[in-house]
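Trainee: coords please:
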Amino acid sequence: MGNRAEEDYNFVFKVVLIGESGVGKTNLLSRFTRNEFKQDSRTTIGVEFSTRTVTLGTAAIKAQIWDTAGLERYRAITSAYYRGAVGALLVFDLTKHQTYAVAERWLKELYDHAEATIVVMLVGNKSDLQQAREVPTEEARMFAENNGLLFLETSALDSTNVELAFQMVLKEILTKVSKQRQSSSRTNAITLGGAQAGQEQGPGEKRACCISL
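Mentor: Numbering: from 1, shown residues only. Alright, predicted model coming up:
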């Protein structure tokens, strides 16, 4: 096989993290991609991203997870941030109801800038702080169901459901790509939400979906 470590994936999926500042987006990112948690993590400035390759069935998926500040002054980067994304995690802090109350606003912004086919999961983070909970699980679950979203509660601190959250989103994206691929079997490129998505690699070449920045 030779040294093909860098080419050893079939798809690249861009997934964005959205939600208010302080809900734990950066620690979800670092927990999933590097298995790290920083108790005193600072507010994200602008945009950053990390990658991790995971195997789903027979497909190797390179997940490119983007994290942005939830602060108003960084909103100018919005369009570029969402471009090419095929998945999103809308994160709120389940100990701060205000971060959940604005979920609808974040959804509107997402759908204003991303494609309608994007896979979205509502994530209630900080489930390790049950004694300080302000958002009932069933209330958030109902909101997710009414808006066609996946839903999960996580803890970046103790790792609860972090792996599962990203895996569920990536699996749903792969399912959409696979269905489109089957219906477009006569072409090499598959279009998912207007971005070239799910181009399968040939020997010695890398093709990626959803990298528009």
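
Trainee: now do the helices in this structure.
Mentor: For the chain, the helices defined by DSSP state H occupy 25-34, 78-82, 97-101, 103-113, 137-146, 162-183.

Trainee: what is the third one packed up against?
Mentor: Helix 97-101 is packed against strand 87-93, with contacts defined by 3 or more C-beta pairs under 8 Å, 6 or more residues apart in numbering; DSSP states H and E. Quick note: C-beta positions are derived from backbone N, CA and C, even for glycine.

Trainee: partner strands of the strand it packs on, with direction?
Mentor: Paired neighbours of strand 87-93 in the sheet (DSSP bridges): strand 11-18 (parallel), strand 119-125 (parallel).

Trainee: which one of those strands lies nearest to Asp112?
Mentor: Checking the strands paired with strand 87-93 against Asp112 by C-beta to C-beta gives strand 11-18 as the closest, at 12.0 Å.

Trainee: for this structure, give me the ranges with low pLDDT.
Mentor: When residues are selected by pLDDT under 70, those of the chain lie in 1-7, 40-46, 69-77, 185-213.

Trainee: swap in 80 and give it another go.
Mentor: 1-7, 38-47, 68-79, 181-213 (pLDDT under 80).

Trainee: from the helices of the chain, which stretch is densest packed?
Mentor: helix 25-34 (a mean of 22; mean count of other C-beta atoms under 10 Å).

Trainee: and it, what does it pack against?
Mentor: Packed against helix 25-34, as judged by 3+ C-beta pairs under 8 Å, 6+ apart, are the following elements: strand 11-18, strand 47-56, strand 59-68, strand 87-93, helix 162-183.

Trainee: would TSV of these with distance to Lys126 be doable?
Mentor: Converted to TSV, the helices and strands packed on helix 25-34 look like this (distance: least, C-beta to C-beta, whole Å):
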stretch	distance to Lys126
strand 11-18	15
strand 47-56	21
strand 59-68	17
strand 87-93	5
helix 162-183	12
